[in-house]
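Student: Return a 3D structure for these sequence lines:
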Amino acid sequence: MMLWENNFLIKQIMEFIISKSYILFLLLIPIILILSYINPEESFDINIGDTYYVIKNSHLGILLSIIYFIIASIHFLSKFYKIELESWVIFSHTIISIIGLILIWILIKEINRNEVVSFEKMLKNIKIKERLTYLCFIILGLMIVSQIIFLVDVLIKFLKKLF
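Tutor: Purely as a prediction, here's the structure:
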C-alpha cells in the first residue's frame, strides 16, 4: 500500500513539473534575489587556471533571475500556444536547471569556506576544493546541455507547428 501511495505522489509531482514547470522557475526567482541581496557586496569567485573571475552577488542574482525568467517564459508560452514538447525534455530540463543551481550554490559555498588549519590539512583542502570546482563545471555543463536540448526541442516543435 505504501509503495503505491509513493508512486502516486511521484506521478503527481512529475505531472505538475511537466504541466506547470514555469511556476517552479518563477518561484525560484525571488529566492535567488533574496539570497543575492543578503550580502550584495560579497563576491562570487571563480578560479580557472591563472585567471580569477569575480562577480558581485547582486549582479549574479540579477543575471540568474533574468535567465530563469526567460526560461519560465518559454515554458509558459509553449503551454499557452499548445506547443507539445517532449515530457522527458521538460522534466529533465526543469530538474537539472533547479537542482543543478542548488548544487552549484552549495559547492561554491564549500569551496569558498576558509578555515585556519595546519599546512598538511591546507594542502589536502586545496585538492578537495579543486575536485569540487571540477564537479561544479560538470554540473554547469549538464545545465548548459539541458538548456540546449530544451531550446532545440522548442524550436523544432515551434517550426513544425508553423509549417
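
Student: The closest residue to L35 other than its chain neighbours: neighbouring residues, count only.
Tutor: Nearest residue to L35, sequence neighbours excluded (C-beta to C-beta, 6 or more residues apart in numbering): G61, at 6.9 Å. C-beta: built from backbone N, CA, C; applies to glycine. Residues lying near G61 (other C-beta atoms under 10 Å) number 22.

Student: now L159
Tutor: L159, neighbours per other C-beta under 10 Å, totals 9.

Student: so which helix or strand takes in it?
Tutor: Assigned by DSSP states H and E, L159 belongs to helix 119-162.

Student: Check which helices and strands that helix sits against.
Tutor: helix 57-80, helix 87-112 (3 or more C-beta pairs under 8 Å, 6 or more residues apart in numbering; DSSP states H and E).

Student: Could you check the angle it makes with helix 87-112?
Tutor: Interaxial angle, helix 119-162 versus helix 87-112 (axes from the mean of the first three to the mean of the last three C-alpha atoms, to 10 degrees): 160 degrees.

Student: when you give positions from now on, start the count at 478
Tutor: I'll keep to 478 as the first residue from here, and by that count the last item is helix 596-639.

Student: relative orientation of helix 596-639 and helix 534-557 in degrees?
Tutor: 30 degrees.

Student: and helix 596-639, how far out from the chain's middle?
Tutor: 9 Å (C-alpha atoms, centre = their mean, to the nearest Å).
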